[in-house]
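Q: Predicted structure and sequence below. I'll ask about it afterward.
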Amino acid sequence: MHHCRISGKKRSRALAGAIEMRNIILRCGEPFNGDRLSPMTMKYPFVENTLGKKLQSGTGLSVDCMTCHRNVKLDLQALVDRLGEDHGCMHWDLIKVLFCQPCRDAGRGDRNLAFTNHALTPEQRSTGAP
């Protein structure tokens, strides 16, 4: 196994560059303002594995039928009301309860679905609007 070795001066410059980047990213020296962070960034690690957590974080979810190419943005509040906030929001959790009605009506496979998570943009995070 070959190990890459960096000389002392190169290592010092690389370390200084990394620290400088960290300071830029973390904005060291500025007082921490917790108000500029959304609730979903306050907890680490961020886990969004149930409908309740997804609704709380304000992110979205859409479903695509891979058979008829229909796309629908899901109403998370309606799903939470119907399935409960502890119901999973992963593919294998939702594929059991959702289907494509036009494909079912036409007699085609109605569970050939793909789900897409929609994250909040920085603008949505700062205003608190989903």
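A: Perfect, I can see it now. Numbers count the residues shown, from 1 in each chain.
Q: how about the helices in this structure?
A: 8-26, 51-57, 76-83, 91-94, 101-105, 122-127 (DSSP state H).
Q: Lowest average pLDDT across those helices?
A: Set side by side, the helices of the chain differ in mean pLDDT, and helix 8-26 is lowest with a mean of 61.
Q: State the distance from the closest residue to Glu48 other than its chain neighbours to Met90.
A: Counting by Cβ to Cβ, 6 or more residues apart in numbering, the nearest residue to Glu48 once its immediate chain neighbours are dropped is Lys54, at 5.3 Å. Any C-beta I mention is one placed from the backbone N, CA and C, and that applies to glycine too. Counting by Cβ to Cβ, to the nearest Å, the separation of Lys54 from Met90 is 10 Å.
Q: okay, these two: which has more neighbours?
A: Lys54 (23 against 12; other Cβ atoms under 10 Å).
Q: what sits against the more buried one?
A: The neighbourhood of Lys54, defined by Cβ atoms under 8 Å, 6 or more residues apart in numbering, consists of Glu48, Leu61, Leu76, Cys89.
Q: out of those residues, what pair is the most spread apart?
A: Glu48 and Leu76 (11.2 Å; Cβ to Cβ).
Q: Of these two, which one has the most company?
A: Neighbour totals were compared for Glu48 and Leu76, and Leu76 leads with 21 against 18 (other Cβ under 10 Å).
Q: mind listing what the more buried one touches?
A: Leu51, Lys54, Leu55, Gly60, Leu61.
Q: In those, which residue is surrounded by the most others?
A: Leu51 (25 neighbours).
Q: That one touches Gly84, doesn't it?
A: Yes: shown here, Leu51 and Gly84 form a contact pair, counting by Cβ atoms under 8 Å, at 7.5 Å.
Q: returning to what we had before: distance to Phe115 added to the contacts of Leu76, as a markdown table?
A: Shown next, in a markdown table, are the contacts of Leu76 (distance: Cβ to Cβ, whole Å):
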| residue | distance to Phe115 |
| --- | --- |
| Leu51 | 12 |
| Lys54 | 11 |
| Leu55 | 15 |
| Gly60 | 11 |
| Leu61 | 6 |
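Q: Nice, that's everything, thank you.
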